[in-house]
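**Q** sequence? don't have it. structure:
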DNA sequence: TTGTAGGCGTTATCAA
DNA sequence: TTGATAACGCCTACAA
């Protein structure tokens, strides 16, 4: 059955009543409602979404704008994020609109999305320290939620973020407690705020243990396999190489492991490794998979939270709000006391 | 400016004329058109998409349905595919709708998408040998294009696929020409048609060289790192291990490399490796990246072709059509004559 | 070349 | 509890 009118003629009821029955309005009698619902199923009727959107003024759609330059990398974490967010959209009757645009057309795209009324709100990905998208979205009045935080006024907008500073501080503390004094950091690009925060957490832990952060033991790069490999190799060629390393993500961790292996350093005994783990579905680096000790906070859950909070906001069930997720340390076999400490018997073995 | 009526009042023109001017109809005078376009820009007017969709009956949206079970893996190739498809959608004024649904609700989702008129067509991902989605979509009359092929009547529907059989035949031939006789295959799950075709191509090449395919040298599994590792390890523990291996994808290739390294087999001299390469933006396994010899066909281009062909079809510019992409052999440093042949001097070095 | 009027399929207001 | 009727904002015959 194509539309309301036809169904109403079939049933001898007005379109109004049918609409009300189907949309759960209270004023329609239970008998009528049942009859309508039954008929809708029988005749395979479903409201036309454009018509409904036009009438209600709601798009029931959330947008994700993905800027991509020609041969740009596209963030592999995105897949799992949208798996989480998308599941929530489906449950709550929203559509997910993904807009892949040239890197320099992002602002323009937000403007168009808003003018068109194609979306009720957007999720902002990969926030920079000072991100021009936030004032833009505020100006055009498009509800948004940021996955991550900027350094702008934190409580003026909605976000979902991981406590990256704490995660990396805890990781470093864990290694320090095991006896490590030379700890490397394989980080992402620091124009991404989360990477900055991660370094800060790492440095905090070092300093509170009386260790001075050494720039030679830090790298900031794309979070991909070769970047991890190169960073680790550079570390290991130092006169005073690290006995442990903290890595920012699963992909570079593969490179880190590869480099360690080239130097015959077994994870956990020759070299301790802790990796931040987004719990990517296609790359299980933690115990159960590759067995690394990880700081874990699932990016799928982050996606779910983002979707829920933005929808609540759009539906007026919440005001701008924030959520700080904590990463959890999961013991694998890639951490242990440093080789020197083992020999000197300075530390008791963990576990 | 919110809508057409307001703009028409501002300009002292009818809504009709403005609509025509903006939509490029020929009958409006050039002077008027310029004036309208200028005013639209100035007042920041853009047509409401729901209204337009309702009036035209076109959604200008392409759907992608992604079935995901609770703790399922979500295909990492998807990211690059949608980067390619999404770029085309943007250029041609289409929206991309992604529907993440429970694994068992896929059919229901297609039905809803169609009844609602939310999309003009869909891309079908990950076709099975006999895929029930195709008859379903044909029945409900929703235009679709398959990324890959089923074993159903190939010219009855539109698809874009890689010539997987040929790619793997060529890869195997290349290794055979180098002198290899024991060649392993690290494949994906064979309920995916492309994996079947890959094995067939591999077996063809072996047979034409008088080699009998050995089940002990084949594995079929999820295309992730640990699967590659386990398969390779199993191969290497055989009494008569392979001297070369063909791998289905970048992620398992990492595992294959890792296992080879554990056995002190250098890629290219101790162990030849050819990998099928989707040219994932975040994992460059070919020359320039990890340096493997690869059979390459970019999945982003595949996404582009899918999008273009489906849109052409929807807009009546084309009938159902098919496109078979060829993978290209790209020489890296992971292939060479087998160690035994080197010693015996049976083969001249390649290149 | 421009304008009038009706329709697209819903939802929402007001009256019965 | 139900029903007319008027939006919602655009497109498109048909008329001028």
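**A** Sure, I can see it. Every value quoted in this text rests on a predicted model; they were computed, and no experiment measured them.
**Q** Now name the helix or strand holding residue A:285.
**A** Residue A:285 is part of no helix or strand when elements are defined by DSSP states H and E.
**Q** now it: how far from residue B:33?
**A** Computed as Cβ to Cβ, to the nearest Å, the residue A:285 to residue B:33 distance reads 58 Å. In this view, the C-beta of every residue, glycine as well, is placed from N, C-alpha and C.
**Q** And for the nearest residue to residue A:193 once chain neighbours are set aside, the neighbour number?
**A** Spatial nearest neighbour of residue A:193, chain neighbours left out: residue A:129 (5.3 Å); criterion: Cβ to Cβ, 6 or more residues apart in numbering or on different chains. For residue A:129, the neighbour count with other Cβ atoms under 10 Å in any protein chain shown is 13.
**Q** wait, what's in contact with residue A:129?
**A** When contacts are counted by Cβ atoms under 8 Å, 6 or more residues apart in numbering or on different chains, residue A:129 touches A:150, A:151, A:191, A:193, A:196.
**Q** The first one reaches residue A:135, doesn't it?
**A** What it means is residue A:150. No: with contact defined as Cβ atoms under 8 Å, residue A:150 does not reach residue A:135; the gap is 10.4 Å.
**Q** Phi first, then psi, for the spatially closest residue to residue A:183 that is not a sequence neighbour.
**A** Leaving out its chain neighbours, the residue that sits closest to residue A:183 by Cβ to Cβ, 6+ apart is residue A:244, at 4.8 Å. Backbone dihedrals for residue A:244, given as degrees, to the nearest 10, come out at phi -150, psi 160.
**Q** wait, residue A:244 sits on residue A:275?
**A** No: the pair residue A:244 / residue A:275 is not scored as a contact, 11.6 Å apart, by Cβ under 8 Å.
**Q** and the two? which has more neighbours close in?
**A** A count of neighbours by other Cβ under 10 Å puts residue A:275 above the other of residue A:244 and residue A:275, at 29 against 26.
**Q** in the stretch 1-150 of chain A, which spans are helices?
**A** A:4-11, A:15-22, A:30-42, A:49-56, A:77-91, A:106-116, A:133-140 (DSSP state H, counting those that start in this stretch).
**Q** Go ahead and name everything in contact with the second one.
**A** Among residues not part of helix A:15-22, those counted as contacts by Cβ under 8 Å, 6+ apart are A:4-5, A:7-8, A:11, A:27-28, A:32-33, A:36-37, A:40, A:47.
**Q** now those as CSV including distance to residue A:261 and pLDDT?
**A** As requested, the contacts of helix A:15-22 are exported to CSV (distance: Cβ to Cβ, whole Å; pLDDT from 0 to 100):
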residue, distance to residue A:261, pLDDT
A:4, 66, 91
A:5, 70, 90
A:7, 67, 89
A:8, 71, 90
A:11, 72, 89
A:27, 71, 85
A:28, 69, 87
A:32, 71, 90
A:33, 66, 91
A:36, 67, 91
A:37, 63, 90
A:40, 62, 92
A:47, 59, 93
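**Q** low pLDDT regions in chain A?
**A** The model of chain A has pLDDT under 70 over residues A:341-351.
**Q** Spatially central residue for it, please.
**A** residue A:299 (4.4 Å; Cα atoms, centre = their mean).
**Q** what does the stretch 51-200 of chain A put close to chain B?
**A** A:51, A:53-54, A:59, A:66, A:68, A:71-76, A:78-80, A:82-83, A:85-87, A:89-90, A:95-101, A:112, A:115-118 (Cβ under 8 Å from any Cβ of the partner chain).
**Q** of these, buried ones?
**A** Buried members of these, scored by 16 or more other Cβ atoms under 10 Å in any protein chain shown, are A:51, A:53-54, A:59, A:66, A:68, A:73-76, A:78-80, A:82-83, A:85-87, A:89-90, A:95-101, A:115-118.
**Q** Give me the subset of those residues that also touch DNA strand D.
**A** Within the set of those, contact with DNA strand D (Cβ under 7 Å from any atom of the strand) is found for A:51, A:54.
**Q** Are we agreed that residue A:219 is in a strand?
**A** Yes: counting by DSSP: H, G, I helix; E, B strand; the rest coil, residue A:219 is part of a strand.
**Q** is it in a bridge, and if so with what?
**A** Residue A:219 has these beta-bridge partners by DSSP bridges: residue A:186.
**Q** just the helices in the stretch 251-351 of chain A please.
**A** For the stretch 251-351 of chain A, helices defined by DSSP H, counting those that start in this stretch occupy the ranges A:299-314, A:339-344.
**Q** Put together JSON lines for those helices, with distance to chain B on each row.
**A** Output for the helices of the stretch 251-351 of chain A, formatted as JSON lines (distance: least, Cβ to the nearest Cβ, whole Å):
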{"stretch": "helix A:299-314", "distance to chain B": "9"}
{"stretch": "helix A:339-344", "distance to chain B": "21"}
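**Q** Quick one, which of those helices gets closest to residue A:177.
**A** Proximity to residue A:177 (Cβ to Cβ) singles out helix A:339-344 among these, at 11.2 Å.
**Q** List the contacts of residue A:261.
**A** B:258, B:261.
**Q** what do you get for residue A:293?
**A** Here residue A:293 is in contact with A:174, A:272-275, A:286-287, A:329-335 (criterion: Cβ under 8 Å, 6+ apart).
**Q** hang on, the earlier thing: which among the contacts of helix A:15-22 end up buried?
**A** By 16+ other Cβ under 10 Å, the contacts of helix A:15-22 give A:4, A:7, A:8, A:11, A:28, A:33, A:36, A:40, A:47 as buried.
**Q** among the contacts of residue A:293, which ones are buried?
**A** Listed as buried from those are A:174, A:272-275, A:286-287, A:329-330, A:332-335; burial here means 16+ other Cβ under 10 Å.
**Q** Which positions in chain A make contact with DNA strand D?
**A** Residues of chain A lying near DNA strand D (Cβ under 7 Å from any atom of the strand): A:12-17, A:20, A:27-29, A:31-32, A:51, A:54-55, A:57.
**Q** run the last query once more with 6 Å
**A** Within chain A, the residues that sit near DNA strand D (Cβ under 6 Å from any atom of the strand) are A:13, A:14, A:15, A:16, A:17, A:27, A:28, A:29, A:32, A:54, A:55.
**Q** Now for those residues: which two are most distant?
**A** Across those (Cβ to Cβ), the longest gap, 28.7 Å, separates A:29 and A:54.
**Q** Just list the residues touching the residue in the stretch 101-250 of chain A that DNA strand D sits nearest to, thanks.
**A** When scored by Cβ to the nearest atom of the strand, the stretch 101-250 of chain A has residue A:117 as its residue closest to DNA strand D, at 7.9 Å. With contacts defined as Cβ under 8 Å, 6+ apart, residue A:117 is in contact with A:57, A:59, B:48, B:49, B:50.
**Q** from what I can see the last one touches residue A:58, true?
**A** No: in terms of Cβ under 8 Å, residue B:50 does not count as a neighbour of residue A:58; the distance is 9.3 Å.
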